[in-house]
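Peer 1: Here is my input; please provide its structure:
(2 chains)
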Protein chains: 2
Amino acid sequence: MNNKRVINPHKHVIIIGAGFGGIQAAQALAKAPVQVTLLDRQNYHLFQPLLYQVATAGLSADEIAYPIRAIFQKQDNLEFQLGEVQSIDPQTRTVQLPHTILHYDYLIMAAGGVTNHFGNGQIARHSFGLKTLDDAVRLRNHVLRQFEKACQESNPVKKKAALTFAIVGGGPSGVESSGALSELVQLLLRKEFRCMDKSDVEIILLEATDRLLANLPQQLGEFTVKTLQEKGIQVRFGKMVETYNGLTLTLADGSSIAAETLIWQTGIQAAQVLQQFPAEKDRIGRLKVQNTLQIPNHPEVFAIGDGAFLLDKNGQPLPMVAPVAMQQGKLAAANIQRLLNHEPLFNFTYKNPGMMATIGRRKAVALLNGVAFKGLLAWLIWLFVHLMQLVGFRNRIMVLINWAWDYLFYEKTVRLIGPE
Amino acid sequence: MNNKRVINPHKHVIIIGAGFGGIQAAQALAKAPVQVTLLDRQNYHLFQPLLYQVATAGLSADEIAYPIRAIFQKQDNLEFQLGEVQSIDPQTRTVQLPHTILHYDYLIMAAGGVTNHFGNGQIARHSFGLKTLDDAVRLRNHVLRQFEKACQESNPVKKKAALTFAIVGGGPSGVESSGALSELVQLLLRKEFRCMDKSDVEIILLEATDRLLANLPQQLGEFTVKTLQEKGIQVRFGKMVETYNGLTLTLADGSSIAAETLIWQTGIQAAQVLQQFPAEKDRIGRLKVQNTLQIPNHPEVFAIGDGAFLLDKNGQPLPMVAPVAMQQGKLAAANIQRLLNHEPLFNFTYKNPGMMATIGRRKAVALLNGVAFKGLLAWLIWLFVHLMQLVGFRNRIMVLINWAWDYLFYEKTVRLIGPE
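Peer 2: Numbering: from 1, shown residues only, chains lettered A, B, ... in the order given. Sure thing, here's the model as predicted:
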């Protein structure tokens, strides 16, 4: 049992989670008269929007992950601890880790979200999510292995199933994954796998509603459907998954698809540790916060990002995207400083910088300041915005080089099956 | 059961293993009137000499591994199959994989070597080897986790054990690993882990004989010892390992060391599949070959590289290094063509290009054409030779950039704990 050993007159702020929200909150407290302990299960900050690139071999894992200690090297009032929070007790104001109990004066819960399989154990066991680096690497290894396997498969039915990839979820993640996957497939077929051709491979994007990218204007959704179809992807609407056993995907309407790969990009829920916190939550476990981002009855506790539930000025739940987490992180930090100074707190108002989704090489859709973009221009905007957001200079250089290579030579670069 | 389905008038050459030897042999057969099937358990060729860089976070895994299919994209007479050879039957001239039996006219066994724990199961279980990418990534994750763990450890004895790293083997691999490890440690301490200092960390290099780098001139070995000691590494001679249980390292002389990390870089044996081949072998399972690299009584079967045993012109066994494997690969391919043309075969003579080992940043030792080099010059030679050997243009660029960065900013770049 190792209690916090630093004898410090400053108040102690614990931040759980070094994702977008946690990092912003931690950095915003750099000059505050507090001691910050940042906790995370991993020792790196993950740039999630580009996970699908790792999954489709466009980037290597280390290009979208940056060691947390390196990020905060120069922040003297911050200490990082690697560990998984087991539970939080707001009564004693303590956070429990496997071998440690930490006491806080203020707490920012920024643990984010995890894949939601809606209670379906089969789907959880047999499908691939895309929320962690481990997810992405596993999926990439699997896809490449499926090609190797199909190459040696003489039975046409089995070969087809090995090369049928189903993606569930017509939001940005599902769209981006199918687009990138189709490009990886095209490249593999064209260059390296002479033992099969285009007609052997099927990529199917399944969406429960009647449109893709429901958060963007309809014209962009339609442009997306057309673009995906041109890439050979089958887009099927009104399809909900009943269950999946690793070989057969059964849909709610009774039909089934023989596919050895199911990528689940349609459900999210709050991280376990947040769902255990004793406060009111929504349907998917997100903690309901006040406009100040405080938990009701626990003014020293804040929740931000994917794990927090708050309505915007139109009465709609805020989307689970990086800009929300980042802005909330800054506000939670500011409000802690206001609490220290006994000043009134700020209310959170979301400044929506727009939404984007890539559909493949040099094509994307974007909505910025109410203006819709599509095609190459949207893709360049997407590229620029993401590169600027990437934490750490070297990561940006690497991503730029990888992309330049890809652009010039149309070659996916991380086609390794293995621990990487 | 999937027999080779290509009806081909050409003879069929199977090459087991896409390491240095296998790749060279395959490429040397590009213009030969044969059909080549290259087999490997992984889908990538691994540049083993730089594995220790991945283990000490200097390079990411994908920078030293190149997809085999990409290497042979343009070689029309070659097909790659991902799979692990279960057994070889020289009587029926077949190679057995999990779901396939392949028939060969000629066979080149280039499966290489694996770590040898000399039958000690405890050591096998608790130590870290450095022969595969998986090894390197596991070791890196472990080292970084040890630092995180020690940071939270208040018991000084446990903290010390967590930060004590023992390396067994005073050959090039052991020397390179200790040097690189000490630099990773120095960097972590200096920049990111304020919770400990130099005196908390111990790196101990254990060698059974009385000198390091026995294959190089004594002066270079002495220079190496001095350099390692200046880096804070303890070099202990005449030390053999009795056993290791993950916490305590027991030496043959009865002494023991409390260390939570043991890196085993002192034993190698031939790959399992080679040890099962029905022919005469040496003490560590290497197949004894004739000067032509053929297996006695099986003129259509060749063995090369780490899995083959052959004496040089001085009656010494050839070293288990990349240049030997590469030269033998070319010769085996040439001899197959001689067999096809009913011409007399060539005997193998090793052209020793020299030996090198790095001792850390900008310091190495090298012996080229009988001339000994040490220090920065040797390091530059080492750098140049390795970069030129790296397969694939893009890998070279990446390695160059990483190294340039390291050199300029003294920052290890892959400090991620995780699947990567």
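
Peer 1: Return the residues of the stretch 151-300 of chain A in contact with chain B.
Peer 2: Residues of the stretch 151-300 of chain A found near chain B (C-beta under 8 Å from any C-beta of the partner chain) are A:Cys151, A:Gln152, A:Glu153, A:Ser154, A:Lys191, A:Glu192, A:Phe193, A:Arg194, A:Cys195. Where C-beta positions appear, they are placed from N, C-alpha and C, glycine not excepted.

Peer 1: What's the ChimeraX syntax to select whichever of those residues are buried?
Peer 2: Selection of buried members from those for ChimeraX, criterion 16 or more other C-beta atoms under 10 Å in any protein chain shown:
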select /A:151,152,153,191,192,193,195
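
Peer 1: Run through the residues that contact A:Ile204.
Peer 2: A:Thr164, A:Phe165, A:Ala166, A:Ile167, A:Ile233, A:Gln234, A:Arg236, A:Ile257, A:Ala259 (C-beta atoms under 8 Å, 6 or more residues apart in numbering or on different chains).

Peer 1: and those, which of them are in strands?
Peer 2: A:Thr164, A:Phe165, A:Ala166, A:Ile167, A:Ile233, A:Gln234, A:Arg236, A:Ile257 (DSSP state E).

Peer 1: Give me the buried entries from those.
Peer 2: A:Thr164, A:Phe165, A:Ala166, A:Ile167, A:Ile233, A:Ile257.

Peer 1: which one of those residues is nearest B:Glu63?
Peer 2: Nearest to B:Glu63 among those is A:Phe165, at 28.0 Å by C-beta to C-beta.

Peer 1: Greatest separation within the residues of the stretch 151-300 of chain A next to chain B: which pair is it?
Peer 2: A:Ser154 and A:Lys191 (22.8 Å).

Peer 1: still on that earlier bit, chain B: which of the contacts of A:Ile204 is nearest?
Peer 2: A:Phe165 (18.2 Å; C-beta to the nearest C-beta).

Peer 1: Spit out the contact partners of that closest one.
Peer 2: A:Val143, A:Gln146, A:Leu181, A:Val201, A:Glu202, A:Ile203, A:Ile204, A:Ala259, A:Thr261, A:Ile263.

Peer 1: switch the cut-off to 6 Å
Peer 2: By C-beta atoms under 6 Å, 6 or more residues apart in numbering or on different chains, A:Phe165 lies in contact with A:Ile203, A:Thr261.

Peer 1: and the gap between it and A:Phe128?
Peer 2: In this view, A:Phe165 and A:Phe128 are 10 Å apart by C-beta to C-beta, to the nearest Å.

Peer 1: Let me know whether A:Pro217 touches A:Ala372 as I believe.
Peer 2: Yes. A:Pro217 is within contact range of A:Ala372, at 5.5 Å (criterion: C-beta atoms under 6 Å).

Peer 1: re the thing from before, just give me the closest of the buried ones among the ones in strands among the contacts of A:Ile204 to A:Tyr106.
Peer 2: Of these, the one sitting nearest to A:Tyr106 (C-beta to C-beta) turns out to be A:Ile167, at 40.8 Å.

Peer 1: Can you tell me, leaving aside adjacent residues, what's nearest to that closest one?
Peer 2: For A:Ile167, ignoring the flanking residues on the chain, the nearest one in space by C-beta to C-beta, 6 or more residues apart in numbering or on different chains is A:Ile263 at 4.5 Å.

Peer 1: now A:Asp89
Peer 2: A:Gln96 (7.2 Å).

Peer 1: For the one helix or strand that neighbour maps to, give me every contacting residue.
Peer 2: Assessed by DSSP states H and E, A:Gln96 sits inside strand A:94-97. Strand A:94-97 is contacted from outside by A:Ile14, A:Gly83, A:Val85, A:Gln86, A:Ser87, A:Ile88, A:Ile101, A:Leu102, A:His103, using C-beta under 6 Å, 6+ apart.

Peer 1: Can you list the strands that that strand pairs with?
Peer 2: Applying DSSP bridges, strand A:94-97 is found paired with strand A:87-89 (antiparallel), strand A:100-103 (antiparallel).

Peer 1: got the phi/psi numbers for A:Ile381?
Peer 2: phi -60, psi -50 (degrees, to the nearest 10).

Peer 1: Quick check: it vs chain B, distance?
Peer 2: 27 Å (C-beta to the nearest C-beta, to the nearest Å).

Peer 1: That residue and A:Val365 touch, don't they?
Peer 2: No. If you go by C-beta under 6 Å, A:Ile381 and A:Val365 don't touch, sitting 10.1 Å apart.

Peer 1: burial of the residue nearest to A:Asp89, as a residue count?
Peer 2: 16 (other C-beta atoms under 10 Å in any protein chain shown).

Peer 1: what do you get for A:Ser87?
Peer 2: The local packing of A:Ser87 (other C-beta under 10 Å) involves 12 other residues.

Peer 1: Let me see the contact set for it.
Peer 2: Here A:Ser87 is in contact with A:Gln96 (C-beta under 6 Å, 6+ apart).

Peer 1: Test for you: state the pLDDT assigned to it.
Peer 2: Listed pLDDT for A:Ser87 reads 96.

Peer 1: before we move on, back to that, just the CA trace of the strand holding A:Gln96, in CSV.
Peer 2: In CSV, the C-alpha atoms belonging to strand A:94-97 read as follows (Å, rounded to 0.1, in the frame of the first residue of the first chain):
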residue,chain,number,x,y,z
THR,A,94,-9.7,8.4,-3.0
VAL,A,95,-8.8,6.6,-6.2
GLN,A,96,-7.8,3.0,-6.0
LEU,A,97,-5.1,1.4,-8.2
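
Peer 1: so A:Tyr44 bridges to which residues?
Peer 2: With DSSP bridges as the rule, A:Tyr44 is bridged to A:Pro67.

Peer 1: from the chain's centre, how far out does stretch A:94-104 sit?
Peer 2: 27 Å (C-alpha atoms, centre = their mean, to the nearest Å).

Peer 1: Quick one: mean pLDDT over it.
Peer 2: According to the model, stretch A:94-104 has a mean pLDDT of 95.

Peer 1: what about that stretch, how long is it end to end?
Peer 2: Taking C-alpha to C-alpha, to the nearest Å, the first and last residues of stretch A:94-104 lie 6 Å apart.

Peer 1: Show residues contacting the host helix or strand of A:Thr37.
Peer 2: Using DSSP H and E, A:Thr37 sits within strand A:34-40. Residues outside strand A:34-40 that contact it (C-beta under 6 Å, 6+ apart): A:8, A:10-16, A:18, A:26, A:29, A:77-81, A:83.

Peer 1: Lovely, talk soon.
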